[in-house]
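Asker: got a structure for you, letters missing:
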């Protein structure tokens, strides 16, 4: 593994220095999961209301009271809910305003106060761009788009800018009580405004949901997909994998037992993320496709992407000797290893056949087939590194684990995006962006999987069966004395996870491993977002930004909406701004 590491160095994203612990703003949901769940519910609520902006904040509070009374969300989120409703009703209007007619207003308290060397003038903070907080990134990204950016407190200066007629929309960041004082000014001027509340309210070393804010900053009507309902798109994609649909798309020879087993395996439950992002990439290129319909032929490409994924799961389950997948027996447990291997190989062939049968140009077919082949090579290299390690297991450091993630998980996202892009006829110039984006997204996705494996409830056995895990790599790296020796024995499989789970959980807790893993996860999310900064296609750029949150948070959001109330999410995440 050391030689592999030297030949393929992996860089961990740089982290913003940790700040002193601050009191959370209790009336603002503290996890992205909670915020997304609340926004989803509020979107459904205002769809039933006839709300025309501007709306006085007191009226928004009345609507929020009605929403809270008929939902499971806490009353403490009333003002936050009112703010979100304001954002939702102004969203379309803000999107129409050119970037160079917008103001981004940031609070001074976002800076790292004890380390900040910036000075002030009559317009606010003069950022030194030291990189110690998120202000530099926000200023650079926003000014590149054309925004006027102020890092200042108070409303008089904002009103002066509005009165000049040069500012037609505002994106503001502040604590809720300050935002509430600004609303009347924006209401009287009928200026579209979207407000992003801070996560703390003690006016010092505060944090913001950076992913959310960046999404709002980039909101533009030029992105033809910003109103695309990703939940509906995902439901459509799931329908493509019903038994009836698969019979029409795949080989429907009922006399071929291998084909029947393969179709049944494909129809089993699954997240369908890969065909989903293929469909999203295709849709992003369809500027005139107002009804959101897909050509029937495209379903072949989407199903091919899932064929490749499901084949890899069959082979992976055999190599890892896993007995359960989707809460049921794995294919090799049900039919035996020879049959399962053959079905996996069949699905690979079926995937290539479907791509070759697509009604597109020969050049497009070659590009899709090449993308799939390169993805398989990379996946096999990553899996091979893990299998070779298993023959002589030793502790891995975090970079080595992330290297495996990069080769095993990231290629599947890149293949899916490329296939959707090629089918849509996009230029190859975006492939460089797709590659960088997919790598960061794939690593973030696998870190999430690791977190859920140890702290959640997925059916993965990676930790208990001692496969390369970022959390366990971090624990071994940071542990001392007897704890480090225990982690070494776990990595070398001298002891079993199940026999020492209590001790391992204590070590993970003492070393704050979950917190560090979430920081790394969010750092890779930010890296995926930054990889798109130079992409000049607003629709693809906007959609890829939204897909990140959809893929990484959606399962948690669904569970949260149906099983819990705000504030009760086990193992909840942290803001990307804390990295």
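Answerer: Arrived safely, thanks for sending. Quantities reported herein were computed from a predicted structural model and do not represent experimental measurements.

Asker: report the rounded mean pLDDT for stretch 476-493.
Answerer: Confidence for stretch 476-493, expressed as mean pLDDT, is 94.

Asker: mind listing the strands for this structure?
Answerer: Along the chain, counting by DSSP state E, strands occupy 102-106, 119-121, 124-126, 148-151, 169-174, 193-197, 324-325, 328-329.

Asker: would a markdown table of those with mean neighbour count, distance to residue 470 and mean pLDDT be doable?
Answerer: Quick note: C-beta positions are derived from backbone N, CA and C, even for glycine. Formatted as a markdown table, the strands of the chain follow (neighbours: other C-beta atoms under 10 Å; distance: least, C-beta to C-beta, whole Å; pLDDT from 0 to 100):
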| stretch | mean neighbour count | distance to residue 470 | mean pLDDT |
| --- | --- | --- | --- |
| strand 102-106 | 25 | 33 | 89 |
| strand 119-121 | 9 | 41 | 74 |
| strand 124-126 | 17 | 36 | 76 |
| strand 148-151 | 20 | 35 | 87 |
| strand 169-174 | 24 | 31 | 87 |
| strand 193-197 | 25 | 30 | 87 |
| strand 324-325 | 17 | 22 | 86 |
| strand 328-329 | 13 | 28 | 89 |
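
Asker: with distance to residue 310 added, can I get those strands in TSV?
Answerer: As requested, the strands of the chain are exported to TSV (distance: least, C-beta to C-beta, whole Å):
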stretch	distance to residue 310
strand 102-106	44
strand 119-121	58
strand 124-126	52
strand 148-151	47
strand 169-174	42
strand 193-197	40
strand 324-325	10
strand 328-329	14
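
Asker: so which of these is nearest residue 446?
Answerer: Ranking those by proximity to residue 446 (C-beta to C-beta) places strand 324-325 first, at 17.2 Å.

Asker: the closest one: how far from the chain's middle?
Answerer: How far strand 324-325 lies from its chain's middle: 25 Å, per C-alpha atoms, centre = their mean, to the nearest Å.

Asker: given it, what are its sheet partners and their directions?
Answerer: Sheet pairing of strand 324-325 (DSSP bridges) gives strand 328-329 (antiparallel).

Asker: chain center to the strand it pairs with, what's the gap?
Answerer: The chain centroid and the centroid of strand 328-329 are separated by 28 Å under C-alpha atoms, centre = their mean.

Asker: got a list of contacts for that strand?
Answerer: With contact meaning C-beta atoms under 8 Å, 6 or more residues apart in numbering, strand 328-329 is reached by 268, 323.

Asker: begin at 201 from now on, thanks
Answerer: Happy to do that; since the first residue is 201 now, the last one works out to strand 528-529.

Asker: neighbours of residue 710, how many?
Answerer: Neighbourhood size, residue 710 [other C-beta atoms under 10 Å]: 12.

Asker: which residues are in contact with it?
Answerer: Residue 710 makes contact with residue 683, according to C-beta under 8 Å, 6+ apart.

Asker: and stretch 249-260, which residues are buried?
Answerer: By 16 or more other C-beta atoms under 10 Å, the buried positions in stretch 249-260 come out as 251, 253, 254, 255, 257, 260.

Asker: same check, this time on stretch 493-510
Answerer: Within stretch 493-510, the residues that qualify as buried are 494, 498-510, counting by 16+ other C-beta under 10 Å.

Asker: check stretch 618-626 too.
Answerer: Taking 16+ other C-beta under 10 Å as the criterion, stretch 618-626 shows 618, 619, 620, 621, 622, 623, 624, 626 as buried.

Asker: for the closest residue to the fifth one other than its chain neighbours, what are its contacts?
Answerer: Leaving out its chain neighbours, the residue that sits closest to residue 622 by C-beta to C-beta, 6 or more residues apart in numbering is residue 567, at 4.6 Å. Going by C-beta under 8 Å, 6+ apart, residue 567 touches 618, 622, 628.

Asker: over to residue 721?
Answerer: Contacts for residue 721 (C-beta under 8 Å, 6+ apart) come out as 644, 647, 648, 651, 752, 773.

Asker: what's the closest of those residues to residue 410?
Answerer: Residue 410 lies nearest to residue 773 out of those, by C-beta to C-beta, at 13.0 Å.

Asker: can you show me the helices along the stretch 501-650 of the chain?
Answerer: 531-535, 537-556, 562-591, 598-608, 610-624, 631-655 (DSSP state H, counting those that start in this stretch).

Asker: which of those helices sits most buried?
Answerer: helix 610-624 (a mean of 27; mean count of other C-beta atoms under 10 Å).

Asker: angle of that helix against helix 562-591?
Answerer: On the basis of axes from the mean of the first three to the mean of the last three C-alpha atoms, to 10 degrees, helix 610-624 is oriented at 170 degrees to helix 562-591.

Asker: quick one: mean pLDDT for helix 610-624?
Answerer: Averaging pLDDT along helix 610-624 yields 93.

Asker: that helix packs against which elements?
Answerer: Helix 610-624 makes packing contacts with helix 473-484, helix 498-520, helix 562-591, helix 631-655 when contacts are defined by 3 or more C-beta pairs under 8 Å, 6 or more residues apart in numbering; DSSP states H and E.

Asker: tabulate those (CSV), appending mean pLDDT and distance to residue 394.
Answerer: Converted to CSV, the helices and strands packed on helix 610-624 look like this (pLDDT from 0 to 100; distance: least, C-beta to C-beta, whole Å):
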stretch, mean pLDDT, distance to residue 394
helix 473-484, 92, 23
helix 498-520, 94, 34
helix 562-591, 93, 37
helix 631-655, 90, 25
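
Asker: now render these as JSON lines, adding distance to residue 530.
Answerer: Formatted as JSON lines, the helices and strands packed on helix 610-624 follow (distance: least, C-beta to C-beta, whole Å):
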{"stretch": "helix 473-484", "distance to residue 530": "20"}
{"stretch": "helix 498-520", "distance to residue 530": "4"}
{"stretch": "helix 562-591", "distance to residue 530": "16"}
{"stretch": "helix 631-655", "distance to residue 530": "17"}
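
Asker: relative to residue 328, which of the ones you listed is closest?
Answerer: Closest approach to residue 328 among the helices and strands packed on helix 610-624 (C-beta to C-beta): helix 631-655, 27.5 Å.

Asker: and of the buried residues of stretch 249-260, the nearest to residue 637?
Answerer: Comparing the buried residues of stretch 249-260 against residue 637 with C-beta to C-beta picks out residue 253 as the nearest, at 33.7 Å.

Asker: what segments of the stretch 301-450 of the chain are helices?
Answerer: When secondary structure is read from DSSP H, counting those that start in this stretch, the stretch 301-450 of the chain shows helices at 335-345, 356-364, 376-389, 410-417, 430-439, 443-449.

Asker: winner for burial among these?
Answerer: Highest mean neighbour count among those (mean count of other C-beta under 10 Å): helix 410-417, with a mean of 20.

Asker: what angle do that helix and strand 393-397 make?
Answerer: If you take the same axes, to 10 degrees, helix 410-417 sits at 170 degrees to strand 393-397.

Asker: rewinding a little: any chance of the helices of the stretch 501-650 of the chain in a markdown table, with distance to residue 341 too?
Answerer: A markdown table is the format used below for the helices of the stretch 501-650 of the chain (distance: least, C-beta to C-beta, whole Å):
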| stretch | distance to residue 341 |
| --- | --- |
| helix 531-535 | 46 |
| helix 537-556 | 37 |
| helix 562-591 | 30 |
| helix 598-608 | 25 |
| helix 610-624 | 22 |
| helix 631-655 | 16 |
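
Asker: quick revisit: in TSV, list the buried residues of stretch 493-510 along with distance to residue 632.
Answerer: Output for the buried residues of stretch 493-510, formatted as TSV (distance: C-beta to C-beta, whole Å):
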residue	distance to residue 632
494	26
498	24
499	28
500	27
501	22
502	24
503	27
504	24
505	21
506	26
507	27
508	22
509	24
510	29
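
Asker: nearest to residue 714, of those residues?
Answerer: Once C-beta to C-beta is applied, the member of those that ends up nearest residue 714 is residue 509, at 27.8 Å.
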